[in-house]
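**Q** Got a predicted model here, sequence first, then my questions.
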Amino acid sequence: SKYNKKELENFGIKKISYCPNLIDCIVANKVKTKNPSIVFNGRIVQNKGCLELLDVVLGVAKKLNVQLDLFIIGRGKPGASYLKKFGEKINVLKESNINVHWKNGLSDSELSNIYGQCWLYLSLAKHEGFGLPVCESIAQGTPALYTFCGGQESVLDGIGGCDAGNLISTIVGLFNNKEDLQKLHIMQYEQVKQYLIPNADGLIKNVYSKFIID
């Protein structure tokens with residue numbers, strides 16, 4: 001991302017070519033779940049703010065007082081204490097009015113379908129260089145809320161960025177007003193569509209063409 005480029009320039013690196021991640025927008029099932037639903041895709045590690053994410057989801061479910069679906073796609077390091085704590089907190093959520101779907105090893109089409117059917121993507125990462133899962137979700141028709149952590153707000157021009165302390169009230173407001181949820185997606189998609197294949201072919205060509213020998 002341009003955020004990464006700027007960070008490297010701060011270290012004194014002068015010759016940097018900007019080449020963004022590309023998003024392959026696979027045709028997905030975009031029929032939304034009946035219940036409000038939240039999705040997260042990423043490693044189950046401290047840097048991703050996974051435990052805090054579960055706290056937010058639990059807070060949203062309590063405020064809405066309705067059945068809520070949570071889709072988690074990700075793995076942690078086997079035996080890691082953080083993964084153990086995450087599993088314990090998942091069990092707490094299952095005892096509330098939250099349907100937890102924790103999945104791994106999905107195909108691209110399966111992942112796209114989950115993105116497409118959810119109401120909202122949620123990220124509480126403490127650092128992201130680009131935020132590819134956030135953008136993938138938006139590409140599949142699902143808006144995102146995320147904490148300010150570098151790359152995500154750079155790519156999305158800050159649209160959908162939220163302080164961690166305001167996430168619960170913001171999500172509840174969006175779930176209670178689907179028009180606002182749709183508006184958020186429209187604004188975010190305008191930022192993301194430039195990275196879709198083949199829209200970004202020109203950006204890639206500009207970076208790599210000088211290395212290609214006919």
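**A** Everything's here; your move. Residues are numbered from 1 along each chain as shown.
**Q** which intervals of the chain have sub-threshold pLDDT?
**A** 200, 213-214 (pLDDT under 70).
**Q** Do you have the strands of it handy? List them.
**A** Counting by DSSP state E, the chain has strands at residues 37-41, 68-73, 98-103, 120-123, 144-146.
**Q** Out of those, flag the one nearest Val92.
**A** Closest to Val92 of those, according to CB to CB: strand 98-103, at 9.2 Å. For every residue, glycine as well, the C-beta is placed using N, CA and C.
**Q** Tell me which residues are up against the closest one.
**A** 35, 57-58, 61, 67-73, 90, 93-94, 114 (CB atoms under 8 Å, 6 or more residues apart in numbering).
**Q** Can you tell me the closest non-neighbouring residue to the spatially most central residue of the chain?
**A** The residue lying closest to the centre of the chain (CA atoms, centre = their mean) is Val134, at 2.7 Å. Nearest residue to Val134 in three dimensions, chain neighbours excluded: Ala144, at 4.6 Å (CB to CB, 6 or more residues apart in numbering).
**Q** quick revisit: and the residue nearest to the centre of the chain, what is it in contact with?
**A** Listed by CB under 8 Å, 6+ apart, the contact partners of Val134 are 121, 123, 128, 144, 146, 152, 156.
**Q** go with 10 Å
**A** 40-42, 121-123, 125, 128, 142-146, 151-152, 155-156, 160, 188, 192 (CB atoms under 10 Å, 6 or more residues apart in numbering).
**Q** Now, of the residues you listed, which are buried?
**A** Listed as buried from these are 40-42, 121-123, 125, 128, 142-146, 151-152, 155-156, 160, 188, 192; burial here means 16 or more other CB atoms under 10 Å.
**Q** picking that back up, could I get the strands of the chain as a markdown table with distance to Lys210?
**A** As requested, these are exported to a markdown table (distance: least, CB to CB, whole Å):
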| stretch | distance to Lys210 |
| --- | --- |
| strand 37-41 | 34 |
| strand 68-73 | 37 |
| strand 98-103 | 41 |
| strand 120-123 | 35 |
| strand 144-146 | 34 |
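**Q** CA atoms only: put stretch 131-141 into CSV for me.
**A** C-alpha atoms of stretch 131-141 as CSV (Å, rounded to 0.1, in the frame of the first residue of the first chain):
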residue,chain,number,x,y,z
GLY,A,131,-5.9,-5.2,4.8
LEU,A,132,-6.6,-7.6,2.0
PRO,A,133,-9.4,-9.6,3.7
VAL,A,134,-11.2,-6.3,4.4
CYS,A,135,-11.1,-5.4,0.8
GLU,A,136,-12.0,-8.9,-0.4
SER,A,137,-15.2,-8.7,1.7
ILE,A,138,-16.1,-5.3,0.3
ALA,A,139,-15.5,-6.6,-3.2
GLN,A,140,-18.1,-9.4,-2.4
GLY,A,141,-20.7,-6.9,-1.3
